[in-house]
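**Q** with the input below, show me the fold.
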Amino acid sequence: MPVVPGPETWPQWLGQEPADARQLKALLAPYPSEETVCWPVSPRVGNVKNNAPSLIEPIAMKPARWLVAFLS
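**A** Okay, here's the model as predicted:
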């Protein structure tokens, strides 16, 4: 799971408040999986030339052929 520091830890993480190595290491906890949300996005996301808010909007996906065959 990725590390996503919560807002309450930002001052320490960004160096605005003093923190030693032990305190900073304690902030490196995985983000709770039950709070993680994901959805399919456009393949345009993979091109660095693209930069638009629409890139993070969910897209409709057709089931993969192998999945359809597997479920049949």
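**Q** give me the element Ile59 is part of.
**A** Using DSSP states H and E, Ile59 sits in no helix or strand.
**Q** how far away is it from Pro43?
**A** Here Ile59 is placed at a distance of 9 Å from Pro43 (Cβ to Cβ, to the nearest Å). Where you see a C-beta, it was placed from the backbone N, CA and C, and this is true even at glycine.
**Q** show me where pLDDT drops low in this protein?
**A** Along the chain, the model assigns pLDDT under 70 to residues 1, 63, 67-68, 72.
**Q** 90 - rerun?
**A** 1-6, 29-43, 56, 59-72 (pLDDT under 90).
**Q** who are the contact partners of Pro5?
**A** Counting by Cβ atoms under 8 Å, 6 or more residues apart in numbering, Pro5 touches 13, 27.
**Q** ugh, typo on my part, it should be Ala19
**A** So Ala19 contacts 12-13 (Cβ under 8 Å, 6+ apart).
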